[in-house]
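J.: Below: sequence and its predicted model.
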Amino acid sequence: MIRLLLAALCIVLLPFVPISAAHAQSYTVDTITDANFGDIVSAASGQTVLRSSASSGSVTVVSGSGVRLSNTSANAEVTISCSNTFACNTTNVQVTLALAGSPTGRVGYITAISLANGTATVTSAYSAGSYIVINLAPIPRRSSRTFLIGFDLPVDGNDSADPTGSATSSYLITAQRATGGGSDSLVGNIIAKVIRPVSIAKTQDLQFGSVTRPTSGSGAVTLTPDGIVSVTGTNVRRFPSPAATAAQFTVSGEGGQAVTVSVPTTMTLSGSGGSVTATLTNSGGGAQVLSGATGSVGTVDVSVGGSVPLTGSSALGTLTGTMTVMVQYN
């Protein structure tokens with residue numbers, strides 16, 4: 001009896017230790033796609049917070065005056081697989097998300113996340129202080145499942161000392177058994193290219209100078225964007241003072257960036273004796289690329305000239321007008 005009992009005990013006990021060890025599942029964090037926020041224009045001052053949707057990857061501005069130029073999806077897809085054991089089929093997966101490394105460029109640590117089901121089912125999630133716990137439904141053995149993450153990403157303003165250009169904020173994903181063990185980790189990245197805001201400043205007004213009216217027929221005073229002035233028409237004369245000058249503008253922004261400079265084609269000049277419409281020409285308008293490279297200030301110069309029609313009945317006196325020149329990143 002004793003010998004049988006021992007034998008029986010041996011039969012029961014010998015497999016007991018290897019069964020729990022051999023059948024305990026383990027997980028692998030296979031991949032994490034980059035959450036790419038694309039090109040972002042810093043606010044002139046102060047921080048901007050951008051939020052990407054976990055389900056769609058679309059981005060909205062939560063606060064601040066920064067602008068996102070890109071329209072690509074900015075969520076991350078995490079893929080986790082379970083080992084070749086039947087325990088995978090019945091055991092929930094515990095995933096943790098923690099901040100990793102130090103942010104670079106003008107982005108900061110993520111301040112919040114959102115979650116969405118992919119092929120995995122998120123059963124619950126909660127903050128545990130310095131990290132977030134995400135519970136997933138069981139991942140079948142020898143299979144992989146995905147879930148999606150959206151992020152709140154802070155972006156520093158142009159008053160920051162941090163450099164423009166490529167920027168990265170990272171986090172660590174760990175998958176394991178709820179009781180611990182069988183774990184694997186992988187770093188995920190949120191990436192962006194943060195550029196300084198674009199601006200335009202006038203450095204010189206458009207001045208056609210003083211001219212006489214034609215004694216018959218019509219004429220014109222014409223000023224090229226290079227500042228060369230000429231007149232046409234019978235007995236039309238141009239006086240040396242004031243000097244004729246083309247309007248000058250300087251566009252400033254991120255080096256190497258493409259911009260569009262919009263210059264009006266006409267402007268109205270008005271005075272006490274009436275008004276006239278001037279036709280405008282320019283150099284430096286339209287599609288342009290700022291000088292320099294990413295990480296430095298780039299510029300482009302814009303010059304505006306034009307032509308004012310003249311007749312024997314043209315309004316006398318000083319005529320003035322206003323033009324608006326605009327610039328935006330492409």
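T.: Nice, I can see it. Quick caveat: nothing in here was measured; it's all calculated off a predicted structure. Numbers count the residues shown, from 1 in each chain.
J.: What's the mean pLDDT across stretch 224-233?
T.: Across stretch 224-233, the average pLDDT comes to 97.
J.: Pretty sure residue 145 sits against residue 122.
T.: No. In terms of C-beta atoms under 8 Å, residue 145 does not count as a neighbour of residue 122; the distance is 10.4 Å. (C-beta placed from N, C-alpha, C; glycine too.)
J.: Who has more neighbours out of those two?
T.: The neighbour count for residue 145 versus residue 122, taken as other C-beta atoms under 10 Å, is higher for residue 145 (20 against 17).
J.: Beta-bridge partners for the more buried one, please?
T.: With DSSP bridges as the criterion, residue 145 is bridged to residue 80.
J.: what touches both of residue 145 and residue 122?
T.: residue 136 (C-beta atoms under 8 Å, 6 or more residues apart in numbering).
J.: mind listing what the residue nearest to residue 65 when sequence neighbours are not counted touches?
T.: Excluding its sequence neighbours, the residue lying closest to residue 65 (C-beta to C-beta, 6 or more residues apart in numbering) is residue 43, at 4.2 Å. Going by C-beta under 8 Å, 6+ apart, residue 43 touches 64, 65, 66, 155, 157, 158, 197.
J.: pretty sure the fifth one contacts residue 45?
T.: Right, residue 157. Yes. Counting by C-beta under 8 Å, residue 157 does reach residue 45; the two are 4.7 Å apart.
J.: Have a look at those two and say which one is more surrounded.
T.: Neighbours were counted for residue 157 and for residue 45 using other C-beta under 10 Å; residue 157 has more, 20 against 13.
J.: ok, the more buried one to residue 123 distance?
T.: 39 Å (C-beta to C-beta, to the nearest Å).
J.: Okay, and the beta partners of residue 230?
T.: For residue 230, the beta-bridge partners under DSSP bridges are residue 222.
J.: Give me the pLDDT for residue 77.
T.: The model's pLDDT for residue 77 equals 98.
J.: Tell me the secondary structure at residue 241.
T.: coil (DSSP: H, G, I helix; E, B strand; the rest coil).
J.: Which residues are in contact with residue 227?
T.: Residue 227 touches 244, 245, 246, 303, 305, counting by C-beta under 8 Å, 6+ apart.
J.: swap that for residue 185, sorry
T.: 29, 172, 173, 174, 175.
J.: Let me see the contact set for the second one.
T.: For residue 172, the residues meeting the contact criterion (C-beta under 8 Å, 6+ apart) are 96, 97, 98, 99, 100, 185, 186, 187, 188.
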